[in-house]
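>>> kindly generate the corresponding structure for this input.
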Amino acid sequence: MTYSDNRYGDVFAEVYDAWYHDLDDVDTCVGFIADLADDGRVLELGVGTGRLAIALAERLPVVGIDNSTAMLEVLLAKCPSTATLTAVAGHMVADMPAGPFAVVLAAYNTLFNLLHADEQRACLAEASARLAVGGHVIIDCFVPAAPMPATSIGEPRMRGDARVATEVQVDVPAQRIDGTFIETYASGRVVRRQWAVRYASVEEIDAMAHAAGLVCEERWSSYAKDPFTDDSVRHISVYGRAA
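Down below sits the predicted model:
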């Protein structure tokens, strides 16, 4: 298998916490995950700067893997590895740590950072193989619009000291989005941060999960367990091993 080399983490490590610290209520996320994990170990794929893992490790043993050493450096500066938090550098599919785990978590579009469908299928298969008895895989992704727009330019907004504009191009047949955040500072300095995802519908993810021996047990539109409906723009899907 050819693994994609998505450098999102290296590009965004210096701004990730400032931009996304309020993405979700962390206590609500941690409670959702901990309830499913009971007292078992959690594996977080694409752990990044530890937005969830650090808080979760106060309650449960957590292993986090990320291919970005820049992201992991930020995580370890905030919370050095302890008996309950282990950070691993590597590709989240090719180097997925050995189980068993009570929960394997792919939060906030992490699955979509794998840029090929075969990688996404392999990720679910590897996650399934690492589950403890009664364990769960949590997939947290946006719901693709139908139809997806070919291009878009987002309204600029302030992020810290910078005015940030967004440009997005969509390759619909490849189910790929390539975007750029353009930061403009009062000094005239301009920074361009590029990112890419390979999106999949809820139905496609369910099919990948089924091929990996998983079945959907719960689906919500938030970690607060708001109902998932036809109008939901995000899904938190919980899979378990098929009987």
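>>> just the pLDDT for A106.
We have a pLDDT of 98 for A106.
>>> so how far is V103 from the closest residue to it other than its chain neighbours?
Excluding its sequence neighbours, the residue lying closest to A106 (Cβ to Cβ, 6 or more residues apart in numbering) is L45, at 4.7 Å. No exception for glycine: its C-beta is placed from N, CA and C like everyone else's. To V103, L45 is 11 Å away according to Cβ to Cβ, to the nearest Å.
>>> repeat that for W220.
As for W220, its distance to V103 is 15 Å (criterion: Cβ to Cβ).
>>> looking at those two, which is more packed in?
Each of W220 and V103 has its neighbours counted (other Cβ atoms under 10 Å); V103 has more, 27 against 18.
>>> the more buried one and I138 touch, don't they?
Yes: V103 lies in contact with I138 (Cβ atoms under 8 Å); the separation is 6.2 Å.
>>> so what sits against both of the two?
Listed as contacting both V103 and I138 by Cβ atoms under 8 Å, 6 or more residues apart in numbering are 33, 36.
>>> so who does the residue nearest the centre of the chain touch?
Residue closest to the average C-alpha location in the chain (Cα atoms, centre = their mean): T110, at 2.5 Å. When contacts are counted by Cβ under 8 Å, 6+ apart, T110 touches 45-46, 92, 140.
>>> again with V164
By Cβ under 8 Å, 6+ apart, the contact set of V164 is 156-158, 181-184.
>>> try 7 Å this time
Going by Cβ atoms under 7 Å, 6 or more residues apart in numbering, V164 touches 156-157, 181-183.
>>> who's in contact with the host helix or strand of I138?
Per DSSP states H and E: I138 is located in strand 131-142. Applying Cβ under 7 Å, 6+ apart, the contact partners of strand 131-142 are 33, 36, 40, 99-109, 111-112, 124, 127-128, 205, 214, 233-241.
>>> pLDDT-wise, which helix or strand of this protein ranks last?
Here the helix or strand of the chain ranked lowest by mean pLDDT, DSSP states H and E is strand 151-159, holding a mean of 78.
>>> could you point out which element follows it?
Sequence-wise, the next helix or strand downstream of strand 151-159 (DSSP H and E) is strand 162-171.
>>> now do that following strand against strand 151-159, angle only.
160 degrees (axes from the mean of the first three to the mean of the last three Cα atoms, to 10 degrees).
>>> so, low pLDDT: which residues of this protein?
Along the chain, the parts satisfying pLDDT under 70 run over 81.
>>> just the strands in it please.
Using DSSP state E, the strands of the chain run over 42-45, 62-66, 85-89, 101-106, 131-142, 151-159, 162-171, 176-185, 190-198, 214-220, 234-241.
>>> G9 is nearest to which of the ones you listed?
Proximity to G9 (Cβ to Cβ) singles out strand 62-66 among the strands of the chain, at 5.9 Å.
>>> helices and strands around the closest one, which ones?
Secondary-structure packing of strand 62-66 (3 or more Cβ pairs under 7 Å, 6 or more residues apart in numbering; DSSP states H and E): strand 42-45, helix 53-56, strand 85-89.
>>> show me what the closest residue to I205 other than its chain neighbours is bridged to.
Using Cβ to Cβ, 6+ apart and skipping residues adjacent in sequence, the residue nearest I205 is I139, 6.1 Å away. Note on I139: beta-bridge partners by DSSP bridges are A106, S237.
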